[in-house]
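Enquirer: I would like the atomic coordinates for the input below:
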Amino acid sequence: MSTTYLSTDLASALTQVAEDVGMSSGTEAANVAVWQLRRRAGDTIFPSVYRLEAGRLWLVAQAGYTGVYDGIGLDRGVMARAVRTGETQFVDNSAEVPDFLYAQPGFVSEVTCARKDIVFNLETTTRIDPSVLPRFEIFASFLADRVMSDESMSRAGSVARALAPMIALDDEAMVAEYAARIVGTRLGLDLCQAVIFGRSSPIVTTWRQPRAGIPFLDGDQLREAVRDKQDFAAWFGPAHELGAPWSGHSEAAVVVPIHRRGELVGGLVGAGGEVPKDETIPETLMAVATQTASCLERAALEQRLRRSITERSRFMAIVSHELRTPLTAIAGFTDVMLADSRLSSVERGEFLSEIRDGSEHMLGLVNDILEVARAEAGQLEVKTDEVVDLGEVATEAVRQVSTGATETGTRINMDLPGGTLVLGERLRVRQVFVNLLTNAVKFTPGGQIKISAHNGGRTVTMSVEDDGIGVVAEMMDTLFEPFTGHSLTVPGSGHGLGLVISRQLARAMGGDLRLTSDGVGQGTCATLILPKASLSQI
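Expert: Here you go, the predicted structure:
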């Protein structure tokens, strides 16, 4: 059986493309080469151009591939052999080569030339005739001259290209991992780790050379190292000065703090046999830190946006259910009353009572939604100069939730000193109390709720503390965000706007509302802080 080889078409295409490339330089020359070559020789070829830097191959241009292969190590592979030996590498049949890397399904041949730190690679789905190799080598040398002739292929340009794909990452951990890999490979380190602050536990990602035996640092060690060097744009020095457990593993270390809007949000910590003494390295690391900070902010915004969209969709499903239930009851009782004129006055009274309760439930839900909308639009109107007796308001709120507390077997104890006065709006303070007590009763079946207050210098602190189901740490940050919280995870717990509205009201009256919990089963404490009123203001 005869074998079809890619020869005449490829040789002719290389000659034609050389004329196109001769009119360009730098990255443009690399792009012209790969795309024109594929256009002229056909879609059975997959050309790419790489630049050798810091012991790895960095992608400059490619055509026809569905994946992007960047930062390729020199430990194995056809391109790695071409760089190590300086000789053209030719694979006639990929099935016979165990380290035929990064190939897409159907590739059978590969040829690679390394010239002047530029590597020209061609993978094909049709076998290459060896007779075309001399023409390929001439073209590779010519292409390397054109690419290297432009100052845009300098280290700074190369770093910028390497950092560009980071903007497409939409996860903070992925951004941190990418940054660690860039710093590790560019400086030839054995290990580079990224740490991102701002959460209950920091994000930690690690890049390490495959055979490096250097130990990892944990989140606390990374945080301490970054905070210690936070005033440096980038710090280089002996590894032992970081106090890291690298004795015997590493001689040098680097720390790159990451700041966002003037705040330290994380950093990169790396170690290796030595840190290159290249005058462009600090500039490179500053570029990495700046790009990482921007991409972290973008990733965080995208995550919040996705979470907001998801939570609002779930919220709408909950609201739809809560509206549908009373509406169905209202429609049903109304139909019965219209259809049956023989109903007694007692039955009609019961049906009307059900209709009224359903209407009040829907009205309360709609009012809560409108309240949140007004607050988000900055249109929440609240008085801040009424003198409010906390004892009186708390007593009224306890009376309002007493029926629910009796049904769940929840005990409410109130310990408020007499004459505890605050500034605000009485109706709104009562609304906050009722919301807090309703939540506490709902999540403390058979338990106990304690209401207490403490007079500070200029504020009064009131606590509603329960021994109920508690709050998991991961949920704590979302409880005061609209459309999230217990309501979305606990069946039958309501629409989840009570805490949101309560905090907005507290802040509008010059105070605040905070929530703490030691975890699941450990209860919850809601703390309301309001400005203290003096007797002269009565």
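
Enquirer: So in terms of bridging, what pairs with Glu386?
Expert: Gly424 (DSSP bridges).

Enquirer: can you count the residues close to the residue nearest to Glu110 when sequence neighbours are not counted?
Expert: Closest residue in space to Glu110, ignoring its immediate chain neighbours: Val91 at 4.3 Å, by CB to CB, 6 or more residues apart in numbering. Heads up, the C-betas are built off the backbone N, CA and C, glycines and all. Look at Val91: counted by other CB atoms under 10 Å, it has 23 neighbours.

Enquirer: Could you measure from Val91 over to Arg298?
Expert: 41 Å (CB to CB, to the nearest Å).

Enquirer: thinking again about what came up before, isn't the residue nearest to Glu110 right up against Ser109?
Expert: Yes. With contact defined as CB atoms under 8 Å, Val91 reaches Ser109; the gap is 5.9 Å.

Enquirer: quick one on the thing from earlier: give me the phi and psi angles of the residue nearest to Glu110.
Expert: phi -120, psi 110 (degrees, to the nearest 10).

Enquirer: For it, give me the pLDDT.
Expert: For Val91, the pLDDT comes out at 87.

Enquirer: Output the contacting helices and strands for the helix or strand encompassing Val175.
Expert: Taking DSSP states H and E as the criterion, Val175 maps to helix 172-186. Packing partners of helix 172-186 (3 or more CB pairs under 8 Å, 6 or more residues apart in numbering; DSSP states H and E): helix 155-163, strand 191-196, strand 203-208, strand 263-272, helix 281-339.

Enquirer: following the helix or strand bottoming out on mean pLDDT in the chain, which helix or strand comes up?
Expert: Within the chain, no helix or strand scores below strand 5-6, which has a mean of 46 by mean pLDDT, DSSP states H and E. The helix or strand immediately downstream of strand 5-6 is helix 8-21, counting by DSSP H and E.

Enquirer: Pick the most deeply packed of the helices and strands packed on helix 172-186.
Expert: strand 191-196 (a mean of 27; mean count of other CB atoms under 10 Å).

Enquirer: And the residue lying farthest from the centre of the chain, how close does it get to Val336?
Expert: Most distant from the centre of the chain: Arg342, at 63.4 Å, with distances by CA atoms, centre = their mean. To Val336, Arg342 is 11 Å away according to CB to CB.

Enquirer: Might you list the low-confidence residue ranges for the stretch 1-150 of the chain?
Expert: 1-8, 54, 66-68, 97-105, 150 (pLDDT under 70).

Enquirer: quick one: the strands in it?
Expert: 5-6, 45-53, 56-62, 72-73, 89-91, 109-115, 118-124, 127-128 (DSSP state E, counting those that start in this stretch).

Enquirer: will you turn those strands into CSV that also has distance to Asn413?
Expert: Below are the strands of the stretch 1-150 of the chain laid out as CSV (distance: least, CB to CB, whole Å):
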stretch, distance to Asn413
strand 5-6, 86
strand 45-53, 70
strand 56-62, 67
strand 72-73, 66
strand 89-91, 81
strand 109-115, 79
strand 118-124, 76
strand 127-128, 86
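
Enquirer: wait, which of these is closest to Thr438?
Expert: strand 56-62 (58.5 Å; CB to CB).

Enquirer: ok, back up a step: as TSV, the helices and strands packed on helix 172-186 with distance to Ala13 would be great.
Expert: Below are these laid out as TSV (distance: least, CB to CB, whole Å):
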stretch	distance to Ala13
helix 155-163	26
strand 191-196	41
strand 203-208	39
strand 263-272	43
helix 281-339	37
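
Enquirer: These: which one's closest to Leu57?
Expert: With CB to CB, the closest approach to Leu57 among the helices and strands packed on helix 172-186 belongs to helix 155-163: 11.2 Å.

Enquirer: pLDDT on that closest one, on average?
Expert: 65.

Enquirer: Give the full set of residues in contact with Leu416.
Expert: Leu390, Gly391, Ala394, Ile451, Ser452, Ala453, Met462 (CB atoms under 8 Å, 6 or more residues apart in numbering).

Enquirer: sorry, back to before: of all the helices and strands packed on helix 172-186, which one is nearest Gly457?
Expert: strand 263-272 (29.5 Å).

Enquirer: Mind listing the strands the closest one pairs with, and their directions?
Expert: With DSSP bridges as the test, strand 263-272 pairs up with strand 191-196 (antiparallel), strand 252-260 (antiparallel).

Enquirer: can you give me the offset of it from its chain's centre?
Expert: Relative to its chain's centre, strand 263-272 lies at 18 Å (CA atoms, centre = their mean, to the nearest Å).

Enquirer: Okay, now the unreliable bits of the stretch 301-450 of the chain?
Expert: 311, 315, 318, 322, 364, 372-373, 375-380.

Enquirer: Tell me which helix or strand the nearest residue to Pro326 once chain neighbours are set aside sits in.
Expert: Once flanking residues are discounted, Pro326 sits nearest to Gly358: 3.2 Å by CB to CB, 6+ apart. Using DSSP H and E, Gly358 falls within helix 345-376.

Enquirer: For that helix, buried residues please.
Expert: For helix 345-376, the neighbour count (16 or more other CB atoms under 10 Å) marks Phe351, Ile355, Gly358, His361, Met362, Leu365, Asp368, Ile369, Glu371, Val372, Ala375 as buried.

Enquirer: Just want the angle from that helix to helix 281-339.
Expert: 160 degrees (axes from the mean of the first three to the mean of the last three CA atoms, to 10 degrees).

Enquirer: just checking, what packs against helix 345-376?
Expert: On a contact count with 3+ CB pairs under 8 Å, 6+ apart, helix 345-376 meets helix 281-339, helix 498-508.

Enquirer: Looking at those, which is nearest to Ala144?
Expert: Among the helices and strands packed on helix 345-376, the nearest to Ala144 by CB to CB is helix 281-339 (23.1 Å).

Enquirer: from the chain's centre, how far out does the closest one sit?
Expert: Worked out by CA atoms, centre = their mean, helix 281-339 lies 15 Å from the chain centre.

Enquirer: quick revisit: hang on, the residue farthest from the centre of the chain in a strand?
Expert: No. Read with DSSP: H, G, I helix; E, B strand; the rest coil, Arg342 is coil and lies in no strand.

Enquirer: Against Glu350, how distant is it?
Expert: For Arg342, the distance to Glu350 - CB to CB - is 15 Å.

Enquirer: about what we covered before: so for Gly266, which of the helices and strands packed on helix 345-376 sits nearest?
Expert: Proximity to Gly266 (CB to CB) singles out helix 281-339 among the helices and strands packed on helix 345-376, at 7.5 Å.
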